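> Okay, here's the prediction I keep looking at, along with the sequence it came from:
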Amino acid sequence: MIRRTLYLERVLSWVDAPVVKVLRGVRRCGKSVLLEQVKQELVESGVPKSRILLLNFESMSNDHLTTHTALYKHVMAWAGAVASRVHVLLDEVQLVDSWERAVNSLRVDLDCNIVITGSNAWLLSTELSTLLTGRYLELDVYPLSFAEHLDFVQADQPGTANDTAAAFDQYLRAGGMPGVHAMPDASAALVYLRDVCDGIVLKDIVARHKLRDVDLLQRLLTFLMDALGQTVSAKSISAFLKSQRRSLGAETVYNYLHAATEACLIYRADRYDIKGKRNLETLEKYFLADHGFAHACLGYRPDEMAGILENIVYLELLRRGYSVRIGKQGVAEVDFVADRQNTRLYVQVAYLLADSTVVEREFTPLSTISDNHRKVVLSLDAPPASSRDGIERIYLPDFLLARDW
């Protein structure tokens, strides 16, 4: 089992806080395994196993606990026998009827650390948000980073992770969902990814929001996958659907997009006017929770690699705790404006800086920004690290693997 250090450190740093820890992320990104690792880390830190209760509600062995009353009574009886601070870890908690009532009562009645996972579409419902206002903490979990992918590759094929370019090509094709590493070959991995994507659509979007036109939703998502790295609007999406002889109004488009965002299948990056220092209300970008979904649904398309690379960098920025927007600098665009506390990072992403025209296109928007925050251009060329007018040129995989930016 590969240790997911980044998330474990975040969860454990909040272990003594009197809030419910909610592990949030797209279906099959590894939340259940992470919860097992939390238990293991607690034991290794000196917590007796007798003070840790891990319940997975996908297991039929816990069927008798799938009402809030039964769950509450079971945990209270167990905790009463322990008679000291306890750790309650609940996996796929949405399968418990009115689970939020049990969780809130346990928080009130026990000296405990509570960590929960489950389907995003149901996990932070209006009812839970109302019940636990100010008493829960969301900790986002994403598919594997490139660094974590290397850990898996090293475990599967010792020694091969030393070839960064080959490992990144594999990551580029397969994506970061942990389950692909259990597949026998690349074809099986794509089938797996398509099944996972379909499951998210049907279970976390269609069922949750009672959408009737699944085909229309699929077409909208196909449009977004095809437009990775491009700014879009409700108008452009409606125009695309009209070309497909389907009709969907702007308000309904945004409702569908919100539902997919709630399920963590897609993420929205708003536009930001760098000079005017304000958010803009039109032309945002949408990125996938995992770029492997695009390959599974549309096929592997080397000519469309720029958008896939942007998707990878965007997720890595989120992973490292940045809030991320796309930048407008005059008439030019900066791929990402990333902020974390008092730090800002400007990022341009290119497939290859093949000639002087491409170099100018990528460097010029950054060179016109007058502040002193860090500015980088990333690409899959692998020249020695260099800079121009204070703008760094970095091999993209090296940037992803850097321990600190």
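Thanks, I have the structure now. Numbering: from 1, shown residues only.
> which residues does Gln37 contact?
Met1, Arg3, Arg4, Leu8 (C-beta atoms under 8 Å, 6 or more residues apart in numbering). All C-beta atoms are positioned from the backbone trio N, CA, C, and that covers glycine.
> Now tabulate these in TSV and tack on secondary structure and pLDDT.
Compiled in TSV, the contacts of Gln37 are given as follows (DSSP: H, G, I helix; E, B strand; the rest coil; pLDDT from 0 to 100):
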residue	secondary structure	pLDDT
Met1	coil	78
Arg3	coil	93
Arg4	coil	96
Leu8	helix	97
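> between those residues, which is closest to Lys242?
Arg4 (43.5 Å; C-beta to C-beta).
> what helix or strand does the closest residue to Asp273 other than its chain neighbours sit in?
With sequence-adjacent residues excluded and distances taken as C-beta to C-beta, 6 or more residues apart in numbering, Asp273 is closest to Lys328, at 5.0 Å. Assigned by DSSP states H and E, Lys328 belongs to strand 323-329.
> Mind listing what's buried along the next helix or strand after that strand?
Following strand 323-329 in sequence order, the next helix or strand is strand 332-340 (DSSP H and E). Across strand 332-340, burial judged by 16 or more other C-beta atoms under 10 Å covers Val334, Asp335, Phe336, Val337, Ala338, Asp339.
> Can you tell me the centre-most residue of this protein?
Centroid check for the chain by C-alpha atoms, centre = their mean gives Tyr142 as the closest residue, at 3.5 Å.
> check contacts around that residue.
Gly25, Val26, Cys29, Gly176, Ala289, Leu315, Leu318, Arg319.
> Might you list the low-confidence residue ranges for this protein?
Along the chain, the model assigns pLDDT under 70 to residues 120-122, 124-129, 159-161, 384.
> got a list of contacts for the strand holding Lys328?
Contacts for strand 323-329 (C-beta under 8 Å, 6+ apart): 231, 269-275, 279-280, 284-285, 314, 317-318, 333-340, 346, 365, 368-369.
> Now list the buried members of the contacts of Gln37.
Among the contacts of Gln37, those buried by neighbour count (16+ other C-beta under 10 Å) are Arg4.
> could you point out the longest strand in the protein?
Taking DSSP state E as the criterion, the chain has its longest strand at strand 278-288.
> partners of Thr67 in the sheet?
On the basis of DSSP bridges, Thr67 is bridged to Asp97.
> from what I can see it touches His74, true?
No: with contact defined as C-beta atoms under 8 Å, Thr67 does not reach His74; the gap is 10.3 Å.
> relative orientation of the longest strand of the chain and strand 323-329 in degrees?
Interaxial angle of strand 278-288 relative to strand 323-329 (axes from the mean of the first three to the mean of the last three C-alpha atoms, to 10 degrees): 120 degrees.
> got the CA coordinates for the helix or strand just after strand 278-288 in PDB?
With elements assigned by DSSP H and E, the helix or strand that comes after strand 278-288 is helix 292-298. In PDB, the C-alpha atoms belonging to helix 292-298 read as follows (Å, rounded to 0.1, in the frame of the first residue of the first chain):
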ATOM      1  CA  GLY A 292      -7.300   9.900 -18.000                       C
ATOM      2  CA  PHE A 293     -11.100  10.300 -18.300                       C
ATOM      3  CA  ALA A 294     -10.500  12.400 -21.500                       C
ATOM      4  CA  HIS A 295      -8.400   9.600 -23.000                       C
ATOM      5  CA  ALA A 296     -10.900   6.900 -22.000                       C
ATOM      6  CA  CYS A 297     -13.900   8.800 -23.500                       C
ATOM      7  CA  LEU A 298     -12.300  10.500 -26.500                       C
END
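> That'll do, ta.
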